[in-house]
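Participant: Pasting the sequence and the predicted model now:
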Amino acid sequence: MIDRLLRLRRRLKARKPEFKRYCAHKKLRLRDKSWRRPRGLDNKLRIRYGGKKSGRIVVNIGFGSPKAVRGLHPSGYEEVLVYNPADLDKINPERQAVRIASNVGMKKRLAIEDKAKELGLKVLNPTR
């Protein structure tokens, strides 16, 4: 069932528009990819005033993914951020996968990967 919902989520995300921040085309500092809800009193996009949206679509509940697969990695695993080899003992190999933190050095990263291989855990960002 999870596989079917993951395929459905992939199909829905392909049809979903790219939600850009209001006035992102005008100001360089607003060009980041993150959506921010318009909150101004006279903002036409917030009111959903016709024609003034300039092709923009406001984020709403209908664009969400199925609840059972929300927040999961595309492989179907729940991501767990790991900083050292001791963190691997708390991970359930059937439901969870390992993502090694970006600030972990190479020596500790290799130790984490070796221990994960022993425990039969999937590493989402391996070095080798």
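Facilitator: Cool, the structure landed.

Participant: just checking, next helix/strand downstream of the helix or strand bottoming out on mean pLDDT in the chain?
Facilitator: When the helices and strands of the chain are scored by mean pLDDT, DSSP states H and E, helix 44-47 comes last with a mean of 85. Later in the chain than helix 44-47, the nearest helix or strand by DSSP states H and E is strand 78-82.

Participant: Can you point out the buried residues in that following strand?
Facilitator: Of all the residues in strand 78-82, those buried under the rule 16 or more other Cβ atoms under 10 Å are V80, V82. Quick note: C-beta positions are derived from backbone N, CA and C, even for glycine.

Participant: So what are the sheet partners of it and their directions?
Facilitator: Strand 78-82 has the following sheet partners, assigned by DSSP bridges: strand 96-100 (parallel).

Participant: List the buried residues for the partner strand?
Facilitator: Quick answer for strand 96-100 (16+ other Cβ under 10 Å): Q96, A97, V98, R99, I100.

Participant: and stretch 80-91, how far out from the chain's middle?
Facilitator: 20 Å (Cα atoms, centre = their mean, to the nearest Å).

Participant: Can you pull the domain assignment for this protein?
Facilitator: The chain resolves into domains spanning 2-65, 78-119 when parsed by automatic domain parsing.

Participant: what does the average pLDDT come to for the shortest one?
Facilitator: What it means is domain 78-119. Average pLDDT, domain 78-119: 96.

Participant: Can you lay out the buried residues of strand 96-100 as CSV showing distance to P126?
Facilitator: Formatted as CSV, the buried residues of strand 96-100 follow (distance: Cβ to Cβ, whole Å):
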residue, distance to P126
Q96, 16
A97, 11
V98, 9
R99, 10
I100, 8
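
Participant: In terms of helices and strands, where is H25?
Facilitator: Assessed by DSSP H and E, H25 sits outside every helix and strand.

Participant: centroid residue for this structure?
Facilitator: G71 (6.5 Å; Cα atoms, centre = their mean).

Participant: list the contacts for it?
Facilitator: Residues near G71 by Cβ atoms under 8 Å, 6 or more residues apart in numbering: E78.

Participant: same question, V82
Facilitator: So V82 contacts L88, I91, V98, R99, I100, A101, V104, I112 (Cβ under 8 Å, 6+ apart).
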